[in-house]
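Visitor: sequence below, structure please.
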Amino acid sequence: MRWLGGEEEVDFERTSQWAETLRAAAHPVRLMILAELLEGSKCVTDIRELLKARQTNVSQHLSALEYTGLVAFSREGASWRRAGSGT
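Guide: As a prediction, this is how the structure comes out:
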């Protein structure tokens, strides 16, 4: 099967990966995080303050987004930063 007339083959494994990515992004808090990251890289603390959420809660959501490749993780000086992965 081809996806929307494209040249790329689509199989069950690939569509399962897409479904997992969509599930990760479907949470309202995660959508807010992704929207913020569209503006540029943010420190985890900045995201926590924007969401008015506990650090552990924000970290769990970021981990879910990172696992599916929706965000990337980097170290800048003394802080960890997250950015949209661009994929």
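Visitor: now the helix or strand hosting Ser63 - C-alpha only, CSV.
Guide: Following DSSP states H and E, one finds Ser63 within helix 55-67. Only the C-alpha atoms of helix 55-67 are listed here, as CSV (Å, rounded to 0.1, in the frame of the first residue of the first chain):
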residue,chain,number,x,y,z
GLN,A,55,8.6,19.5,37.5
THR,A,56,8.0,15.7,37.7
ASN,A,57,4.7,16.1,35.7
VAL,A,58,6.4,18.2,33.0
SER,A,59,9.3,15.8,32.8
GLN,A,60,7.0,12.8,32.3
HIS,A,61,5.2,14.6,29.4
LEU,A,62,8.6,15.6,27.9
SER,A,63,9.8,12.0,28.2
ALA,A,64,6.8,10.7,26.3
LEU,A,65,7.3,13.3,23.5
GLU,A,66,11.1,12.5,23.4
TYR,A,67,10.4,8.8,23.2
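Visitor: mean confidence score for it?
Guide: Mean pLDDT, computed over helix 55-67, is 90.
Visitor: let's number from 771 now, not from 1
Guide: I'll keep to 771 as the first residue from here, and by that count the last item is helix 825-837.
Visitor: tell me the buried residues in that helix?
Guide: 828-829, 831-832, 834-836 (16 or more other Cβ atoms under 10 Å). Glycine gets a C-beta too; all of them are placed from N, C-alpha and C.
Visitor: same deal with stretch 788-808?
Guide: Residues of stretch 788-808 classed as buried: 791, 794, 800, 803-804, 806-807 (neighbour count, 16+ other Cβ under 10 Å).
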